[in-house]
Each structure stands twice: as C-alpha cells, then as structure tokens.
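Peer 1: all I have is the shape, not the residue letters:
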Ligand code: GH3
Ligand code: MG
Ligand code: MG
Ligand code: MG
C-alpha cells in the first residue's frame, strides 16, 4: 500500500514515516497541502495521512482539491485520514465535513495505527478491484462479444458525437456499410458454429484493414463496429471519396488474403463482402439517418451488380 504522508513538521513526519515503514508500507512525504495535491496526481496513493495546520495550503483545503480532482474519475475515493494533535469531537466532525474519512492522533499507539492501516489497506484493495471491474464492464458495454469489434451501441454514440462536433469544421464523414456475401449459404453449408468463426475472421480482416488505413491517413481515427448480424460499419470521421475507396479496398484485400473457403459464394470460392459508402457533411445539415440510408442503398447496388465490390454515392 502506497501512503502519502502530509505534514509540515519534518520531525513529526520522520517519526510517523519510520513507524509506517516498519509496518511495511511505502511512504512518500509532502511538506504542505500544495505539494500533497501535486504528489497525489503523480503517485496515486492508496491512502493519505493529512496534517491539518500547514503553511501554503492547509489540510482541509488540500482535501477539498483532491476530492474535486477525483470527481472526474468514476470510483475514485482515496481514503484520507487527518492527523490531529488532540482527540476532540470537533476534529472528527471537521475532518468528515472536509471530505476526510477518519482522523488519528499523531501520537496514536502502535496497535491502533497498525489496525487502522490494515483496515485502510483492505479499502485500497477493494478500490483497485472495483476499478478493474469497472473497466471490464465498460469494455463489455462497448464491445461485441463474438467479434471483439465495437458494438452497435458504441457506434451510435460515436456517430452522435461526430455529428455534434463543436463548431463543425466542414469535415466529410464517410460511412462504410459492409455486408458478408451469401452468408446464409455459408451457414447452410458449414453450420452455424463455422458461421460464427467466419464472422470473427471477417471482423479481424476489417480491423486490420482499418488499422492499416489509419496509419496512412491523417485526421481523426477511423473505427469499425459490428452493425448487426453479418453487417459491419466503418466510420471515417475525416473522410473523402478517395479515402473511403482506399479503406474499402483495404477491407477487400484483407479478406482476399484471409481466403476463408466459401464454395457456395458464386464463383468467388472464398468469403467476400459487399460495401456501400455514403459521404456526409454534418455541418451542411446532413442527417445521420440519411448517411446510413444512403450507405445501405449503395450496398444494395454493390450486391445487385455482382457482389464483392464497393459502391460510393
Ligand atoms: P447477401 O449476399 O445478399 O447479403 O446474402 P446473405 O445470405 O448474406 O444475406 P441474408 O440477409 O439473406 O442472410 C444473412 C444471414 O446471416 C442470415 C443469418 O442467419 C446470418 N447471421 C446473422 N448473424 C449471424 C451470426 O451471428 N452468426 C451466424 N453464424 N450467422 C449469422
Ligand atoms: Mg502542521
Ligand atoms: Mg445482411
Ligand atoms: Mg449478407
């Protein structure tokens, strides 16, 4: 457990530091409230032991500032224990009001210090577990399980954000709708499980194509998502006809390299996709619904004119 010890008295701090170190904790010392806030950002301690009376910035103000910083992070609540000289009711009330969790006397007897640190390290561990669980939950809420790509929910959120781009710069947003060709026949021929594996493979090909495209294209990062079933979408936030053509071609190429056998996909012999692209300028009043409708219409044209190709409208 990492402890940030804040105390303007070097001698008091030295004693506490020695005691905590002997209990096996890793301790960093700050000499006043301002240094405490700086070190809090830098070392992300599991626990803060905070003196109250200090020059430059006192313990209550430092605590208020630390709580304000934490407000921008979910689940963040670093336990803060005030170090006080006297054991009064007022001290406890003030400590809690200022955003602290507890207080201990500077001359706290060894067993109590030990017990309190033990309780706090349990809280620190719980916080760490919670923050990992929270990250995993967020990941699950935005990812499609089968393909590992972003899901429809994430796609919708990102597209909404693109359309709300502040003081819109006139950027062209390219929407690529990608649909696996004759996929029903693939399932019929190879079974549903193989169909799932195939979709995962197609997703991987799309991901690597988009990654390659991003590395050679400037502007905001493009991303791929599973739109639903055997349909995928790629969004190019700073797009153009040429960029969309490059990206779509990269997808066709990646699939060609992957060469997943599909004997009932016309004469292609391998899994292919058809792509429809729309180009919209949100600033000029284009709507999201229209962008997707047009991409869908373009996709339909790609299907009609023989599949395994790209149509841009
Ligand atoms: P087209 O070339 O015109 O797109 O023909 P298609 O057969 O791909 O199109 P259709 O819409 O008729 O069939 C899509 C199929 O995709 C039907 C559905 O069972 C299958 N599918 C959708 N989602 C999944 C999935 O998650 N796993 C599997 N294995 N199949 C899926
Ligand atoms: Mg002091
Ligand atoms: Mg489809
Ligand atoms: Mg299809």
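Peer 2: Nice, I can see it. Small disclaimer: the values here were computed from a predicted structure and weren't measured. Numbers count the residues shown, from 1 in each chain. Ligands and ions are numbered 1, 2, ... in the order given.

Peer 1: from here on, contacts and neighbour counts on C-alpha atoms
Peer 2: Noted.

Peer 1: would you map the helices across the stretch 51-200 of the chain?
Peer 2: Taking DSSP state H, counting those that start in this stretch, the helices of the stretch 51-200 of the chain run over residues 59-70, 89-97, 110-142, 152-163, 183-190, 192-215.

Peer 1: up against ligand 2, what does this structure have?
Peer 2: The chain comes close to ligand 2 at residues 8, 53, 54, as judged by CA under 5 Å from the ion.

Peer 1: where in this structure is pLDDT low?
Peer 2: For the chain, the stretches flagged by pLDDT under 70 are 74-75, 166-168.

Peer 1: residues from it in reach of ligand 1?
Peer 2: 179-185, 187, 192-193, 195-196, 229-230 (CA under 6 Å from any ligand atom).

Peer 1: wait, which of those is closest to residue 70?
Peer 2: residue 229 (40.1 Å; CA to CA).

Peer 1: what about that closest one, distance to residue 267?
Peer 2: In this view, residue 229 and residue 267 are 24 Å apart by CA to CA, to the nearest Å.

Peer 1: settle it for me: which of these two has more neighbours?
Peer 2: Each of residue 229 and residue 267 had its neighbours counted (other CA atoms under 10 Å), and the higher figure belongs to residue 229 (11 against 8).

Peer 1: which of the helices of the stretch 51-200 of the chain sits closest to residue 289?
Peer 2: Nearest of those (CA to CA): helix 152-163, 10.5 Å.

Peer 1: burial of residue 248, as a residue count?
Peer 2: When neighbours are defined as other CA under 10 Å, residue 248 has 28 of them.

Peer 1: and it, what element?
Peer 2: Assigned by DSSP states H and E, residue 248 falls within helix 241-258.

Peer 1: packing partners of that helix?
Peer 2: On a contact count with 3 or more CA pairs under 8 Å, 6 or more residues apart in numbering; DSSP states H and E, helix 241-258 meets strand 173-180, helix 192-215, strand 273-280, strand 310-312.

Peer 1: now do it and strand 173-180, the angle between them.
Peer 2: 30 degrees (axes from the mean of the first three to the mean of the last three CA atoms, to 10 degrees).

Peer 1: tell me what angle helix 241-258 forms with strand 273-280.
Peer 2: Angle, helix 241-258 to strand 273-280, by the same axes, to 10 degrees: 160 degrees.

Peer 1: now do the buried residues in helix 241-258.
Peer 2: 241, 244, 245, 247, 248, 249, 250, 251, 252, 253, 254, 255 (16 or more other CA atoms under 10 Å).

Peer 1: farthest pair in the residues you listed?
Peer 2: 241 and 255 (21.3 Å).

Peer 1: who wins on neighbours among the residues of the chain next to ligand 2?
Peer 2: Of those, residue 8 is surrounded by the most neighbours, 21 neighbours in total, counting by other CA under 10 Å.

Peer 1: can you name the residue of the chain nearest ligand 2?
Peer 2: Taking CA to the ion as the measure, the chain has residue 53 as its residue closest to ligand 2, at 4.1 Å.
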